[in-house]
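S.K.: what's the 3D shape of this:
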Amino acid sequence: MLSIDYHLDFHAIPQVTYSHIYEASSVDYTHMLGADVVELSYIYEGYVYAQAEGEDEIYLPPNSVLVEVHDRLHRVYCPEHYKEANCIFRVPLTQLQSGGLVLPRSLTLGGPDNPISLYFRQMVTQFAAAPNSPATTALLFQLLGEISAAACEQHLEKTQGGELHVRKAKKYVAEHLHMPLQAMDVAAALDISASHLSRLFRRNTGMTLIGYINRLRMERVEKLILLHSMDIRSAGEQVGLYDPAYVSRLFKRIMGYCITDLRQSHILHGN
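M.R.: Here you go, the predicted model:
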């Protein structure tokens with residue numbers, strides 16, 4: 001679920017005024033934040049219904065972020081066990097039509113193992129230790145940056161179906177095929193998680209990212225052997241694979257015939 005509602009321009013350094021982890025058997029509250037106040041909440045447990053004044057109710061599962069800005073009345077309701085970490089900060093701000101810092105009204109993440117979840121926990125600990133320190137402010141900027149980046153990434157996926165990431169991944173693979181590439185290497189270069197990139201790649205191409213990498217490798221191996229008379233070891237090293245036996249097995253599995261068959265066919269046809 002994604003709803004990019006807030007484009008904010010800060011006019012000063014934000015000050016964190018509160019951060020803690022809250023847990024209850026259920027929750028139902030309505031509040032209006034003070035002027036120039038923003039509240040960020042990360043929902044660890046509980047299925048939450050949230051509504052801002054003048055907007056439709058939204059539903060957030062666990063591992064979601066909820067953003068509330070001082071401009072309207074907010075209601076949060078969860079009928080079951082509820083656990084959240086929050087961070088409240090004050091800063092003079094202007095809401096823009098576009099640009100600025102992008103904070104989504106709501107942002108649902110794939111699971112608990114994500115950097116935003118970690119930053120919320122760190123913020124709670126840091127605020128308890130030194131609420132007014134530069135380290136607390138720096139951590140807030142990191143948290144805001146992660147939320148903004150994740151919101152923009154999901155928005156791009158929603159509007160372009162992940163095609164941009166897939167094109168970038170293919171380009172990176174083609175340029176680095178000589179290296180011992182793994183899916184995590186490509187994802188790191190694109191600054192997204194390996195699992196997320198793998199899902200996008202399969203959804204857009206019908207094959208896994210590592211499957212795509214290996215097919216390109218074997219097609220390159222075939223050309224190196226036929227056109228440049230390389231042996232298996234040398235051809236494998238050109239695509240980042242250093243075990244000739246593994247190259248032979250992988251070639252047979254992907255291409256459907258073994259390298260010796262390839263050479264014999266090449267000779268028989270007089271090429």
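S.K.: So which other helices or strands are in contact with the longest helix anywhere in the chain?
M.R.: What stands out as the longest helix in the chain, according to DSSP state H, is helix 134-160. In terms of contacts (3 or more C-beta pairs under 8 Å, 6 or more residues apart in numbering; DSSP states H and E), helix 134-160 is packed against strand 2-10, strand 15-24, strand 82-90, strand 101-108, helix 115-129. In short, each C-beta sits where N, CA and C put it, glycine included.
S.K.: Stretch 8-18: end-to-end distance?
M.R.: 20 Å (C-alpha to C-alpha, to the nearest Å).
S.K.: repeat for stretch 49-59
M.R.: By C-alpha to C-alpha, one end of stretch 49-59 lies 5 Å from the other end.
S.K.: Other residues contacting that stretch?
M.R.: 1, 3, 47-48, 60, 66, 68, 72-78, 105-106 (C-beta atoms under 8 Å, 6 or more residues apart in numbering).
S.K.: Could you rerun that using 10 Å?
M.R.: 1, 3, 5, 28, 30, 32, 41, 43, 47-48, 60, 64, 66-69, 71-79, 105-106, 108 (C-beta atoms under 10 Å, 6 or more residues apart in numbering).
S.K.: cool, stretch 250-266 as well?
M.R.: 211, 214-219, 221-222, 225-226, 229, 231-232, 235-236, 241, 243-244, 247-249, 271.
S.K.: which among these end up buried?
M.R.: Buried by 16 or more other C-beta atoms under 10 Å: 211, 214, 216-218, 221-222, 225, 232, 235-236, 241, 244, 247-248, out of the contacts of stretch 250-266.
S.K.: Point out the least confident one among those.
M.R.: Lowest pLDDT within the buried ones among the contacts of stretch 250-266 is found at residue 225 (89).
S.K.: Where does the prediction get shaky in the stretch 1-150 of the chain?
M.R.: 1-4 (pLDDT under 70).
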